[in-house]
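> Predicted structure and sequence below. I'll ask about it afterward.
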Amino acid sequence: METKHPLEIEYGLTAHELLDALQARFRARVTLEGAVAEVQLAAQLSKLQYDGTIGRYEAHDEDGKHDFTIFLPKQDRQVRIECKNVRNSSRLQVEVQKTRTSKGDPSSRYYAASQFDILAVCMGKKTRNWKQFLFASISDLKRHAEYPEKLAVMHPLAQTNSIESTIWFDSLGTLIAEKYPRP
């Protein structure tokens, strides 16, 4: 006997009907793609934990908080990671801003450069490989023109022989080894 998923029970729909509903609605797809990117990144973090590159990690699903915290072995430092999807446009880039602006603060939609340490960009929308990521240290990303303590909204991604290719890593382990060397 097949057991129903809790969402099938809660909404009175089959798994297939729920997936059809997600596929047919743009905003639901955007949310789903964000969740897929985070699950794929968590799988990579699990592998890095298994091989000893990181001590452990925590996933966060809270407004205003970064998506993951990693704990490096033999270091007190916690490294905060924000996960985004590559933008679905002709240019290879990532958009780094929040969905909404707070009333009274026009800069609230922009991320402060101090909010996280690493930006992880899932390339699945472009490559159809949702396990493929690019990673950059926040210290290497451009700042907003009007609010220098905030990150710029658009960031071009690595292209061979470009200035961007020097800041983007296709391996989180390599970025960690370079930016956070073991003592």
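Structure's in. What do you need? Remember, it's a predicted structure, so these values are computed and weren't measured experimentally.

> what ranges of the protein fall below the confidence cut-off?
Filtered on pLDDT under 70, the chain yields the residue ranges 100-101, 159-165.

> Now do the helices in it.
With helices called from DSSP state H, the chain shows them at 6-11, 15-24, 26-50, 124-127, 172-179.

> measure the residue sitting furthest away from the middle of the chain to Leu13 for me?
In the chain, the residue that sits farthest from the middle, by CA atoms, centre = their mean, is Met1; the gap is 37.8 Å. Distance from Met1 to Leu13, counting by CB to CB, to the nearest Å: 19 Å. From N, CA and C alone the C-beta is placed, and that goes for glycine too.

> rewinding a little: tell me which of the helices of the chain approaches Arg77 most closely.
helix 172-179 (10.6 Å; CB to CB).

> List of residues touching that closest one?
The contact list for helix 172-179 (CB atoms under 8 Å, 6 or more residues apart in numbering) reads 44-45, 48, 51, 53-54, 70, 72, 79, 118, 120, 133, 135-137, 139, 169.

> Could you pull out the buried residues of that helix?
Going by neighbour count (16 or more other CB atoms under 10 Å), the buried part of helix 172-179 is 172, 175-176, 179.

> now stretch 111-126
Buried positions in stretch 111-126, judged by neighbour count with 16+ other CB under 10 Å: 111, 113, 116-124.

> which of those lies closest to Phe26?
Nearest to Phe26 among the buried residues of stretch 111-126 is Gly124, at 16.5 Å by CB to CB.

> Contact partners for the nearest residue to that closest one once chain neighbours are set aside?
Leaving aside its sequence neighbours, Gly124 sits nearest to Trp130 (CB to CB, 6 or more residues apart in numbering; 3.5 Å). Applying CB under 8 Å, 6+ apart to Trp130 gives the contacts 36-37, 40, 122, 124.

> So Trp130 versus Arg109, what's the distance?
In terms of CB to CB, Trp130 sits 26 Å off from Arg109.

> rewinding a little: including distance to Gln93, could the buried residues of stretch 111-126 go into TSV?
Formatted as TSV, those follow (distance: CB to CB, whole Å):
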residue	distance to Gln93
Tyr111	15
Ala113	18
Phe116	18
Asp117	21
Ile118	18
Leu119	12
Ala120	15
Val121	9
Cys122	13
Met123	12
Gly124	15
